[in-house]
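Asks: Here you go, sequence then predicted model.
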Amino acid sequence: MSKSRNNVPRAAIHVGAPAKSFSAAEGYEPERRGWDENTYRQKNQDTNNHYDFTRKHLNFEINSQGEIVPLGSNPVPLHERLQKRLDELGFKPYMDNNNSLGISDNSPNCTVGIIISGDHDVLTRLAFGDQDVDFTLQKSNAHVLLKQGIKDWAMDTYRWACDRWGAENIIGFDVHLDETTPHIQIQTIPVAKTKSRGRASAKYVHKDDKSKVLSHKEWKKLPEEIRSNFVRTEAERREKESVSYASVWGKDKYAVGETYKQMHTDYYNEVGHKYGLERGDDIAMLPGEERRERVHKSKPFWRLSARPRMLSLKTR
C-alpha cells in the first residue's frame, strides 16, 4: 500500500465526502464500540474485510486532552460528541417536514472524515517492530505488543491535525492496528471564523478628547457646529466561529482540489518525512490498480463518510 513511482514508501491521506451527520451505529465502527469476537467474525464474512480480533487490544485513540488511551475509552459515543460540538457552535440544520429524517437535503454539511495511512512496511515496522505478526487471520496475534514508534507517528499526526482544524473540532482520533495496515481515522467539524452579520456600528470620537465617544443617534442630536468636532469611525464586526465546509475546504471542486494538494505537502513537511514517508499521491492521479487497493484498504471508512448522513442531528 502507498508505494508508487519507483517503489518509494509514501503517506496516504483519504478525505471522505462531507456529511450532514451519521448514525450511532456508524459511529460505533471506528471506535469498535461494543465489538466482541462475534462482531469481528460477522464483519469478516465480507471477504474484503480483514479485521483481527486478536489485535483489538492494540487499538488506541488520542483524546481531547492529547492523551493516548485505549480505543473506546471515551464514554460519550462519537455521534453524541458531534452533536455536542454543533450545539456549542450554534449550528442548526435546515429542517424539512416532508423529509422522513426531518432534515433538508440542502442542509449544510457539518462533518468530514479523514484517514491517514501510508506504506504497509513502514507503518507495520513502527507498530510491531520485528515481532512475528500474522496478517492472514489464520493465527492468533494476542502476543503482539505495540511499539513506541506508532504512538509517536500518531501523536505527531494529531498535533498536525489540531493545528489544521483545531483540537476542539476533532471529535474522533482513532488509531486502528487490527486491520491490514495501521491507519488513523479522524472525524472533524469544519469550523471557520466569520464576521457577524449586519452593518458595522458607527461611533463618533471627539477630535481633541478621545474619551468622548458618541453613538450615531447621540451625534445626530448635536448642533451642526459641534458635530464637526467629532470624527466618524466604524467598529469592526465581531468574529465568530461557524460551521463552514466551503471556508475550510473550498468553495468549489477546484478549490477543494487545491486544499487536498496543499494538505499532502503540509503533512509531508510536518510529519511524513520524520518517518520515511514521502509526500502522498493524490488518489485520483494514481494508476487504477493502486487506486482500487487504497479504496479497498479504507472500505470501513468510506462506509462511514461517503454519503450524506442525517440520522443523529436533533430536531430543534
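Replies: Nice, thanks for sending it over. Residues are numbered from 1 along each chain as shown.
Asks: Start from the N-terminal end of the stretch 1-150 of the chain and give the helices.
Replies: Ranges of helices in the stretch 1-150 of the chain, per DSSP state H, counting those that start in this stretch, are 24-31, 37-43, 78-88, 120-128, 148-165.
Asks: And these: which comes nearest Ile68?
Replies: Proximity to Ile68 (C-beta to C-beta) singles out helix 148-165 among the helices of the stretch 1-150 of the chain, at 5.8 Å. For every residue, glycine as well, the C-beta is placed using N, CA and C.
Asks: Can you name every helix or strand that the closest one contacts?
Replies: strand 60-62, strand 68-70, helix 120-128, strand 170-176, strand 183-188, helix 253-270 (3 or more C-beta pairs under 8 Å, 6 or more residues apart in numbering; DSSP states H and E).
Asks: Compare the helices of the stretch 1-150 of the chain and report which one is nearest to Ala235.
Replies: helix 78-88 (25.7 Å).
Asks: for that closest one, packing partners?
Replies: In terms of contacts (3+ C-beta pairs under 8 Å, 6+ apart), helix 78-88 is packed against helix 24-31, strand 170-176.
Asks: Give the residue spans of the stretch 201-316 of the chain that score low on pLDDT.
Replies: The model of the stretch 201-316 of the chain has pLDDT under 70 over residues 236-237, 282-316.
Asks: 80 instead?
Replies: For the stretch 201-316 of the chain, the stretches with pLDDT under 80 are 201, 234-239, 281-316.
Asks: where exactly do the helices run in it?
Replies: Here the stretch 201-316 of the chain has its helices, by DSSP H, counting those that start in this stretch, at 216-220, 224-227, 245-249, 253-270, 288-297, 299-305.
Asks: rewinding a little: for the helices and strands packed on helix 78-88, which one ends up most surrounded?
Replies: strand 170-176 (a mean of 24; mean count of other C-beta atoms under 10 Å).
Asks: and that strand with helix 78-88, angle?
Replies: Using axes from the mean of the first three to the mean of the last three C-alpha atoms, to 10 degrees, the direction of strand 170-176 lies 160 degrees away from that of helix 78-88.
Asks: rewinding a little: now the helices of the stretch 1-150 of the chain in a markdown table, please, with extra columns for mean pLDDT and distance to Lys210.
Replies: Shown next, in a markdown table, are these (pLDDT from 0 to 100; distance: least, C-beta to C-beta, whole Å):
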| stretch | mean pLDDT | distance to Lys210 |
| --- | --- | --- |
| helix 24-31 | 90 | 54 |
| helix 37-43 | 96 | 68 |
| helix 78-88 | 95 | 37 |
| helix 120-128 | 97 | 60 |
| helix 148-165 | 98 | 39 |
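Asks: Include distance to Asp281 when you put the ones you listed into TSV, please.
Replies: Putting those into TSV (distance: least, C-beta to C-beta, whole Å) gives the following:
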stretch	distance to Asp281
helix 24-31	24
helix 37-43	29
helix 78-88	29
helix 120-128	15
helix 148-165	18
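Asks: Which among those helices is found nearest to Gln187?
Replies: Using C-beta to C-beta, the helices of the stretch 1-150 of the chain put helix 78-88 closest to Gln187, at 6.3 Å.
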